[in-house]
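Enquirer: sequence and predicted structure are below.
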Amino acid sequence: MQANGDNLASLFCGLSLVLTGEAVVAASTAERHLKTLRDTLGAGQIDAILRRFGELRDQGGEITQAVRDGLVRDPNLGPLVRKITLLWNTGLIDTGQGPPALRSQDDYFEALMWSAVGAHPPGLSDGYFGHWRYPPDVGV
């Protein structure tokens, strides 16, 4: 599906940049998130959000305010837009069937909340095995 010459992945990346406030989103993460959202929440609904984003973007003007007014505050699309934000920030997908859940460890490890709090995800470390036995390297 194309909307105004854009493909879904391009529209999703653009919308994700606005929703997260990030300067760049990883293409591989965006592709995985888009697939997860379309598979779990319905391709038609996600595609409607992306088409609407394309329309808002093409109107010009301040895109953050346009997304807030035209998507986030929309009574039908707003709840789904918040689920997109939840997925990017926490790695959790809210299907409405029980509590939000993880679909993959990559979603958890790549969640934006870790950089927001200046931490690494529990269970993932850049250190070698046993590195925790030694005091942290604070530099010279």
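Expert: Received the coordinates, thanks. Predicted model, so just to flag it, every value in this text is computed and none were measured. Residues are numbered from 1 along each chain as shown.
Enquirer: identify the residues contacting the spatially most central residue of the chain.
Expert: Central residue of the chain (Cα atoms, centre = their mean): Trp88, 2.7 Å from the mean position. Residues counted as contacts of Trp88 (Cβ atoms under 8 Å, 6 or more residues apart in numbering) are 16, 19-20, 25, 33, 111-112. To be clear about C-beta, it is placed using only N, CA and C from the backbone, and glycine gets the same treatment.
Enquirer: let's have the residues you listed in TSV, adding neighbour count and secondary structure.
Expert: Listed next are the contacts of Trp88 as TSV, based on neighbours: other Cβ atoms under 10 Å; DSSP: H, G, I helix; E, B strand; the rest coil:
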residue	neighbour count	secondary structure
Ser16	22	helix
Leu19	22	helix
Thr20	15	helix
Val25	20	coil
His33	23	helix
Ala111	20	coil
Leu112	19	coil
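Enquirer: so which of these comes closest to Pro79?
Expert: Of all the contacts of Trp88, Leu19 has the smallest distance to Pro79: 13.6 Å, by Cβ to Cβ.
Enquirer: show me what contacts that closest one?
Expert: Counting by Cβ under 8 Å, 6+ apart, Leu19 has contacts 67, 81, 84-85, 88.
Enquirer: which residues in this structure form strands?
Expert: 2-3, 6-7, 92-93, 101-102 (DSSP state E).
Enquirer: confidence-wise, which of those strands is weakest overall?
Expert: Sorting these by mean pLDDT places strand 2-3 lowest, at a mean of 44.
Enquirer: mind picking the two most distant members of the contacts of Leu19?
Expert: Between any two of these (Cβ to Cβ), the greatest distance is 13.8 Å, for Val67 and Trp88.
Enquirer: returning to that earlier point: so how far is Gly61 from the residue nearest to the centre of the chain?
Expert: Noted for Trp88: a distance of 24 Å to Gly61, by Cβ to Cβ, to the nearest Å.
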